[in-house]
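**Student:** Show me the folded form of this:
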Amino acid sequence: MITITLTQLLIGVGIAAILLTLMVGALKKQKNWLVTFLQNYCGALFIFSGGVKVVDPLGTAYKLEQYFAEFQTTFEGTWLSFIAPMFPWLAEYGIIFSVIVIVFEIVLGIMLILGANNRFTSWAFMLLVAFFTGLTGFTYLTGYVPEDVNFFQFGKWGPYVESNMKVTDCGCFGDFLKLKPYTSFLKDVFLLIPAFIFLFKHKDMHTILTGGVRSIITGVATVGLLIYSLSNFVWDIPGVDFRPFRVGVNVAEQQALEEKAQGEAPVDYRMTNKETKKEVVLPMAQYLKQYKNYPKEEWELEQLRGEPAIPITKISDFAVESVEGNDVTQDILSDENYSLMFVCYKLYHDYSTANEMVNDTIFAVDTVRTADTMMLVRKVQDIKQVQQSKSIYDWDKGYQLAFKNTINPLAEAAEKDGLNVYGIAGAAGEEMIEEFRHANQTAFPFYMADDILLKTIVRSNPGIVLLKNGKIVNKWHYKQVPNYEDMKATYGIK
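**Tutor:** Numbers count the residues shown, from 1 in each chain. So this is what the prediction gives:
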């Protein structure tokens, strides 16, 4: 997998923009070379940014859900609390917003390079950049907001603490390139400069080709991108996977490497004088020699852990437990045979409760003396009917069909062949899991894990993952998974 930094990306986009500008200049005399360059630069950046997201629109949808959840929490308890209920509703349609924003971003980049409808394009570019700036700016500023303080309580803001942020990366480049909110915010502020230039200089923006050709290219691109975007989650998983749980990755080995890197990461200590607020930062070795110079009565101590030698990914969070609460992570990762994991980040259902009458038996205990001993004998004293609340799960019909027609037959065939087969459910407890298994005649056991972790593993619900000795051999959307005999022949399962 190719990894690049933001600086390398921006330089690459700049080189592409220069080449495009020279090509445009060769076709037609330009009114303003700077505006032409900025059109091509911003257009190429938007095409790339949207391109790495269009392969995985669910990832952007999940990121939007995080934003919406944070906005809901922020507005609750303020004079704008009437806005808060809107965000859970928006989260339900996160995938729709995701597809629209991603396709619009790429098409807007194409329109900038073509010079299509420049007045509209300049305003659209400004609004989209302003929208991104608001998201990244809000996220970055939450780093100044302590855990028990609302964002709008500006007087109670404290020093910047990265862990205060609920959304730790902006999602601007999907999983291809993770940017911290501060970096993303600066990037978006920078993009406001060409956005304002386009607004005031839209008459100087270049155009290439004829109006009809530009319209055809824009229309075909829009339709094609919509279909491609939908294909990456409606009936298949992304063909390009930027996430840590890629096919071929050995989860067990990578988790061990990340744990080692975290343990070996450099540690510094920051001391803050309680009276003067003077700060002193010392590496651990130096602090151990000088700690007596900073008594706790006068100095506040904070441990700072530096960056690990390798990036820490979601693989470090891979943890699975049984419904009884027992950790089964290593059992899964150390299985030397092939195993099938059915990933269900959410068991789709509607939920309600109902009251029912149940028998409540009251027992009496008597002491009975025999010839040589005393015995306690329990007998029924009374039986009363009491009202008890019962959970009612109305399982999604389409989800049930996926298990009936695809998951259960595949699991049954694999189990007969000696494979370890199990499901992993997110956001579910023992009661819900057992009700689901009973309702869907699912014989294999279910474990539990964090739903965000499960969303990261595979972009399908349910999703199927084939593992061997901790390594991801392959993974599928439930609509594309082969039958067991084909799977067995392809991977040499014995």
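**Student:** hang on, T456 packs against F242?
**Tutor:** No. Assessed by C-beta atoms under 8 Å, T456 is found out of contact with F242, at 10.8 Å. Every C-beta, even on glycine, is put in place using the N, C-alpha and C of the backbone.
**Student:** what sits in contact with each of these two?
**Tutor:** Residues touching both T456 and F242 (C-beta atoms under 8 Å, 6 or more residues apart in numbering): there are none.
**Student:** I would like the residues contacting stretch 230-247, please.
**Tutor:** 1, 52, 54-59, 95, 99, 174-176, 251, 254, 313-315, 456-460, 463, 472-477, 479-480.
**Student:** again, 6 Å this time
**Tutor:** 55-58, 175-176, 313-315, 456-457, 459-460, 472, 474, 477, 479-480 (C-beta atoms under 6 Å, 6 or more residues apart in numbering).
**Student:** Would you mind giving me the PyMOL syntax to select the buried ones in those?
**Tutor:** Of the contacts of stretch 230-247, the buried ones go into a single PyMOL selection, burial set by 16 or more other C-beta atoms under 10 Å:
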select buried, resi 55+56+57+58+175+176+313+314+315+456+457+459+460+472+477
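**Student:** So which of the contacts of stretch 230-247 are in strands?
**Tutor:** 472, 474, 477 (DSSP state E).
**Student:** residues touching the closest residue to the last one other than its chain neighbours, list them.
**Tutor:** So the one you mean is H477. With C-beta to C-beta, 6 or more residues apart in numbering as the criterion, H477 has its nearest non-adjacent residue at 4.1 Å, and that residue is S460. When contacts are counted by C-beta under 6 Å, 6+ apart, S460 is found next to 237, 477-478.
**Student:** Closest one to E70 out of those, please.
**Tutor:** I237 (27.4 Å; C-beta to C-beta).
**Student:** Make sure that closest one is indeed in a helix.
**Tutor:** No. Going by DSSP: H, G, I helix; E, B strand; the rest coil, the assignment for I237 is coil, not a helix.
**Student:** Hmm, N469 and N250 touching each other?
**Tutor:** No. At 7.7 Å, N250 and N469 do not qualify as touching, with contact defined as C-beta atoms under 6 Å.
**Student:** can you pull out the helices in the stretch 251-400 of the chain?
**Tutor:** Per DSSP state H, counting those that start in this stretch, the stretch 251-400 of the chain carries helices over the ranges 251-264, 284-290, 329-333, 397-402.
**Student:** and the angle from the host helix or strand of I217 to strand 471-477?
**Tutor:** Applying DSSP states H and E as the criterion places I217 in helix 211-231. For helix 211-231 against strand 471-477, the angle between stretch directions is 120 degrees (axes from the mean of the first three to the mean of the last three C-alpha atoms, to 10 degrees).
**Student:** List the buried residues of helix 211-231.
**Tutor:** 214, 217-218, 221, 225-226, 229, 231.
**Student:** Packing partners of the longest helix seen in the chain?
**Tutor:** Scanning the chain for the helix with the most residues, using DSSP state H, yields helix 118-141. Packing partners of helix 118-141 (3 or more C-beta pairs under 6 Å, 6 or more residues apart in numbering; DSSP states H and E): helix 181-200.
**Student:** ok so, going back, looking at the helices of the stretch 251-400 of the chain, which is closest to F71?
**Tutor:** Of the helices of the stretch 251-400 of the chain, nearest to F71 by C-beta to C-beta is helix 397-402, at 28.6 Å.
**Student:** pLDDT of the closest one, averaged?
**Tutor:** The average pLDDT within helix 397-402 is 95.
**Student:** Please apply the same query to stretch 331-341.
**Tutor:** Rounded mean pLDDT across stretch 331-341 is 94.
**Student:** Going by neighbour count, list what's buried in stretch 132-152.
**Tutor:** Within stretch 132-152, the residues that count as buried by 16+ other C-beta under 10 Å are 132-133, 135-145, 151.
**Student:** number of nearby residues for the nearest residue to Y399 once chain neighbours are set aside?
**Tutor:** Nearest residue to Y399, sequence neighbours excluded (C-beta to C-beta, 6+ apart): Y348, at 4.3 Å. Y348: 16 surrounding residues under other C-beta atoms under 10 Å.
**Student:** all numbers from here: first residue = 57
**Tutor:** New numbering, starting at 57: the last item is Y404.
**Student:** from memory Y404 sits against G454, does it?
**Tutor:** No. Counting by C-beta under 6 Å, Y404 does not reach G454; the two are 7.8 Å apart.
**Student:** residue nearest the centroid of the protein?
**Tutor:** With distances taken as C-alpha atoms, centre = their mean, Y118 lies nearest the centre of the chain, 5.0 Å away.
**Student:** before we move on, the earlier item: closest one to L183 out of the ones in strands among the contacts of stretch 286-303, please.
**Tutor:** Distances from L183 to the ones in strands among the contacts of stretch 286-303, taken by C-beta to C-beta, are shortest for H533, at 34.2 Å.
**Student:** Show me what the closest one bridges to in the sheet.
**Tutor:** When assigned by DSSP bridges, H533 has beta-bridge partners G519.
**Student:** Who are the contact partners of it?
**Tutor:** H533 neighbours (C-beta under 6 Å, 6+ apart): 292-293, 516.
**Student:** Which of the residues you listed sits closest to T61?
**Tutor:** Checking those one by one against T61 (C-beta to C-beta), the nearest turns out to be I293, at 27.4 Å.
**Student:** circling back: want to try CSV for the buried residues of helix 267-287, with distance to F160 and pLDDT as columns?
**Tutor:** Output for the buried residues of helix 267-287, formatted as CSV (distance: C-beta to C-beta, whole Å; pLDDT from 0 to 100):
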residue, distance to F160, pLDDT
R270, 17, 93
I273, 15, 96
T274, 11, 96
A277, 11, 97
L281, 9, 97
L282, 10, 97
S285, 11, 96
S287, 18, 95
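**Student:** any chance of those in CSV, plus distance to K257?
**Tutor:** CSV is the format used below for the buried residues of helix 267-287 (distance: C-beta to C-beta, whole Å):
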residue, distance to K257
R270, 19
I273, 23
T274, 22
A277, 25
L281, 28
L282, 31
S285, 32
S287, 39
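**Student:** those strands in the chain, which residues are they?
**Tutor:** For the chain, strands defined by DSSP E occupy the ranges 323-329, 335-339, 355-361, 394-400, 405-425, 430-451, 476-482, 502-505, 519-524, 527-533.
**Student:** about what we covered before: for the residue nearest to H533, what are phi and psi?
**Tutor:** Torsion angles at S516 (phi, psi; degrees, to the nearest 10) stand at phi -160, psi 140.
**Student:** Good, wrapping up.
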